[in-house]
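Novice: Just the structure for this:
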Amino acid sequence: MAQIGRLLFESNMNSQREDVLSAIVPLLKLLSLTMIGLVLSRFEMIPRATFKLLSKLVFALFLPCLIFTHLGESITLENFIQWWFIPVNVVVSTLFGCLLGYVVVLICRPPPEFNRFTIIMTGFGNTGNLPLAIVSSVCHSSDNPFGPDCHRKGVAYVSFAQWVAVIFVYTLVYHMMEPPMEYYEIVQEGAEIQEEGTEDVSAPLLVEAEWPGIEDKETEHSKTPFIARVFNSISSLSSLPDMDSRDGAISRGNTPMSVTCFAGPNKVARKIKVVAEQTPIQHILQPPTIASLLAIVIGIVPHLKELVYGDDVPLAFVTDSLQIVAGATIPAVMLILGGMLAEGPNESTLGLRTTIGIIVARLLVLPLVGIGVVVLANKLNIVVAGDQMYMFVLFLQYTTPSAILLGAIASLRGYGVREASALLFWQHVLALASLSLYIVVYFKLMSFI
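Specialist: Numbers count the residues shown, from 1 in each chain. Alright, predicted model coming up:
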């Protein structure tokens, strides 16, 4: 009897050891690739310009090829409908993340100009390159728990969620990252608004990786509190911020500042139109998003799919070529991440307490919320029954660090550039530990669901 108990105990220990290894080894593979990039950059074996060029190749070629070949092959009209909760889960995870960010603001009390920044950096996670890398690394092992279609399905699920995050970033996040008006000096002549005490900062590689060529997207309003200025013109004088109590007061000269009073819904509509025109909605149609949309359209139309996807289809040579190119995506992404981390964190005025608060909320607390949401969704039969990769991708949407694309938006808006760079650096360094912990938890949890 004692021998049977000992055998059961040893069997259980071996099983637990295998579960832990199957969760951690994929991350160690990604860490190895990242370290190669870090060494190449740190010792200047590859110049910074080469990493920038590589990021452009990922953005414009490798990633679109990966998305097109895997998403289009996996999707049909039937599972297009079944997968509806994947993009919805991105919205849910963002809402809970923003709520946690607000709690961080209440508890940690960052400098007032970084209240919105704190909420944004806690709420919006990386739903693109990093989940793709994790899924690809997990599926690279022959004994992965997701079966032979692991990689194709995993990439398809992650890609299916990307368009929601992109829309969020280029609309909501773009305007939420607007520089706070009360920390700017408003000059009446020429209607110029400029930040006080701001030095020119060359954007680090960390904030350019997922939006190459960001410097070309800047407009005359990018680095100004545009919405605040537009909508203050329809408010009464009493609702304007009290600028006189600050160093950056309103320069009135000898002429009183003119204020346009509220003039009805037509004026509000005109203001909304002005803001909409300054929203960079055109940037949503970037190569990865176009690849996603094209793959979805071809995938759900059977006659088109029969031409493009499959072994004996007329255009099989094209998809095979794209698949060869797509194979470079994950190594390139991790090499770029290593190059970014080699630059180290920038100086930040966010404060240590707030930085720790954001990291804890994003990497440790939000995944617990995600477990509750996904388990509840499973009980309500919202998720695809019996598809563990589907659930794993849902879990990952709550587990990744803040989106690197937020650093690009910060650079574009001139708001919290150093803070975003420093925070993204520390989050991605510490994410190795948090991801290892939660992937073990997810693997265990999925065996019981």
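Novice: so how many other residues sit close to residue 299?
Specialist: Number of residues near residue 299 (other Cβ atoms under 10 Å) recorded here: 23. Heads up, the C-betas are built off the backbone N, CA and C, glycines and all.
Novice: Could you measure from the residue nearest to it when sequence neighbours are not counted over to residue 37?
Specialist: The shortest distance from residue 299 to any non-neighbouring residue, by Cβ to Cβ, 6 or more residues apart in numbering, is to residue 75 (3.7 Å). From residue 75 across to residue 37, the span is 32 Å (Cβ to Cβ, to the nearest Å).
Novice: same deal with residue 179?
Specialist: Computed as Cβ to Cβ, the residue 179 to residue 37 distance reads 32 Å.
Novice: ditto for residue 304
Specialist: Distance, residue 304 to residue 37, using Cβ to Cβ: 38 Å.
Novice: Which of those two has more residues huddled nearby?
Specialist: For residue 304 versus residue 37, neighbours defined as other Cβ under 10 Å are more numerous around residue 37 (24 against 14).
Novice: shaky segments in the stretch 151-300 of the chain?
Specialist: For the stretch 151-300 of the chain, the stretches flagged by pLDDT under 70 are 181-283.
Novice: cutoff 50 now
Specialist: Along the stretch 151-300 of the chain, segments meeting pLDDT under 50 span 185-201, 221, 228-231, 234-263.
Novice: Figure out how far stretch 373-380 is from the centre of its chain.
Specialist: Centroid separation for stretch 373-380 versus its chain: 23 Å, with Cα atoms, centre = their mean, to the nearest Å.
Novice: what's next to that stretch, contact-wise?
Specialist: Outside stretch 373-380, the residues that touch it by Cβ atoms under 8 Å, 6 or more residues apart in numbering are 85, 89, 92-93, 96, 383, 391, 394-395, 398, 445, 449.
Novice: Please enumerate the strands of this structure.
Specialist: Remark: strands assigned in the chain by DSSP state E are 184-187, 192-195.
Novice: Against residue 76, how distant is residue 419?
Specialist: Residue 419 is 44 Å from residue 76, where distance means Cβ to Cβ.
Novice: What of residue 438?
Specialist: According to Cβ to Cβ, residue 438 stands 31 Å off from residue 76.
Novice: Comparing these two, which residue is more hemmed in?
Specialist: A count of neighbours by other Cβ under 10 Å puts residue 438 above the other of residue 438 and residue 76, at 23 against 14.
Novice: Could you tell me the model confidence score at the more buried one?
Specialist: Looking at residue 438, its pLDDT stands at 94.
Novice: Same question for residue 72.
Specialist: 91.
Novice: One more: residue 101?
Specialist: Listed pLDDT for residue 101 reads 96.
Novice: what's near enough to touch it?
Specialist: Applying Cβ under 8 Å, 6+ apart, the residues contacting residue 101 are 118-123, 358, 361.
Novice: Measure how buried residue 59 is and give me the count.
Specialist: 20.
Novice: is it true that it touches residue 291?
Specialist: No - using Cβ atoms under 8 Å, residue 59 is not in contact with residue 291, being 11.0 Å away.
Novice: Please tell me how far the closest residue to residue 332 other than its chain neighbours sits from residue 300.
Specialist: Of all residues not flanking residue 332 in the chain, residue 58 sits nearest, at 5.0 Å (Cβ to Cβ, 6+ apart). Relative to residue 300, residue 58 is positioned 27 Å away (Cβ to Cβ).
Novice: go on, residue 411?
Specialist: Computed as Cβ to Cβ, the residue 411 to residue 300 distance reads 37 Å.
Novice: go on, residue 438?
Specialist: Between residue 438 and residue 300 the computed distance is 33 Å (Cβ to Cβ).
Novice: swap in residue 163?
Specialist: Note on residue 163: its distance to residue 300, by Cβ to Cβ, is 15 Å.
Novice: What count of nearby residues applies to residue 121?
Specialist: By other Cβ under 10 Å, neighbour count at residue 121 equals 33.
Novice: In contact with the closest residue to it other than its chain neighbours, which residues?
Specialist: In space, and not counting its chain neighbours, residue 121 is closest to residue 402: 5.0 Å by Cβ to Cβ, 6+ apart. Contact analysis of residue 402 by Cβ under 8 Å, 6+ apart lists 121-122, 124-126, 358, 362, 423-424, 427.
Novice: Now the two most distant members of those.
Specialist: Pairwise distances among those were taken by Cβ to Cβ; the largest, 14.1 Å, belongs to 126 and 358.
Novice: So for these two, which sits in the more crowded spot?
Specialist: Per other Cβ under 10 Å, whichever of residue 126 and residue 358 has more neighbours is residue 358, with 29 against 25.
Novice: Just the pLDDT for the more buried one.
Specialist: With respect to pLDDT, residue 358 has a value of 97.
Novice: hang on, isn't it packed against residue 422?
Specialist: No - using Cβ under 8 Å, residue 358 is not in contact with residue 422, being 10.8 Å away.
Novice: what's the neighbour count on the residue lying closest to residue 388 once chain neighbours are set aside?
Specialist: Once flanking residues are discounted, residue 388 sits nearest to residue 446: 4.9 Å by Cβ to Cβ, 6+ apart. Other residues lying near residue 446 total 17 when counted by other Cβ under 10 Å.
Novice: tell me the contacts of residue 446?
Specialist: Contact partners of residue 446, counting by Cβ under 8 Å, 6+ apart, are 145, 388, 391-392.
Novice: for the residues you listed, which one is nearest residue 331?
Specialist: Among the contacts of residue 446, residue 392 lies closest to residue 331 (Cβ to Cβ), at 21.9 Å.
Novice: Look up how far residue 145 lies from the closest one.
Specialist: Distance, residue 392 to residue 145, by Cβ to Cβ: 9 Å.
Novice: In terms of packing, which of these two has more residues around it?
Specialist: Shown here are residue 392 and residue 145; by other Cβ under 10 Å, residue 392 has more neighbours (25 against 16).
Novice: Tell me the spacing between that one and residue 40.
Specialist: As for residue 392, its distance to residue 40 is 31 Å (criterion: Cβ to Cβ).
Novice: same check, this time on residue 336
Specialist: Distance from residue 336 to residue 40, by Cβ to Cβ: 11 Å.
Novice: Having no further points to raise, I will conclude here.
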